[in-house]
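Peer 1: Fold the following.
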Amino acid sequence: MNGVWFELSVFAGKTFVVVVYLFLLYRLLGKRQVAQFNLYDLVTVMAVANAVQNAMTTGKGDLAVGIVCASTLLFVGWLVSRLVLRAPKAQHLMFGTPTIIVSDGHILEDRMRRERVSQEELEAALRSHGLVVPTQARLAVLEVDGSISIVPMRSTNETRN
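Peer 2: Numbers count the residues shown, from 1 in each chain. Presented below is the predicted three-dimensional model:
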């Protein structure tokens, strides 16, 4: 019986290492990699999951191994959420910070390039806010969830009030 518990703890340890490694790898790829997934991202995650399955389970399809690995994944998620709540600096380190990509109508191309935001993505965000060109935006911010928030320029009537 001790041998079974030891083997299950090895699977839990391997799962923990794999999930931390994947988290760090995705974080290094940039904050947009953890945004809402497109089809390519979803396929990539599914392929990665399949690729690391053997690393976590040594190719075993046992029910107990699956339960231990799933429990470890959920536990790591719970730990991360607790860490973020207790240490706000950890949130910035783990999930990044918002990035300004348009300021007073001027596109900050170096930041767009660094965050891998295309001109088309920016234009789509502008259109969704009823704007046509970046010069109509006082501010555009790439949020940590990958969305782009837009603050339009104020009209002359609004600034007088």
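Peer 1: who touches stretch 143-153?
Peer 2: Around stretch 143-153, the neighbours that count as contacts under Cβ atoms under 8 Å, 6 or more residues apart in numbering are 31-32, 34-36, 95-98, 101-102, 105, 117, 121-122, 125-126, 128-131, 135-142. In short, each C-beta sits where N, CA and C put it, glycine included.
Peer 1: Now a ChimeraX select for only the buried ones of these.
Peer 2: Buried residues within the contacts of stretch 143-153, by 16 or more other Cβ atoms under 10 Å, are selected in ChimeraX with:
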select :31,32,34,96,101,102,117,121,122,125,126,131,137,140,141,142
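Peer 1: So which of the contacts of stretch 143-153 are in strands?
Peer 2: Ile101, Val102, Ala137, Arg138, Leu139, Ala140, Val141, Leu142 (DSSP state E).
Peer 1: With distance to Arg82 and pLDDT as new columns, can the residues you listed be given to me in CSV?
Peer 2: Conversion of the ones in strands among the contacts of stretch 143-153 to CSV gives the following (distance: Cβ to Cβ, whole Å; pLDDT from 0 to 100):
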residue, distance to Arg82, pLDDT
Ile101, 32, 97
Val102, 35, 97
Ala137, 37, 96
Arg138, 37, 96
Leu139, 33, 96
Ala140, 33, 96
Val141, 28, 96
Leu142, 27, 93
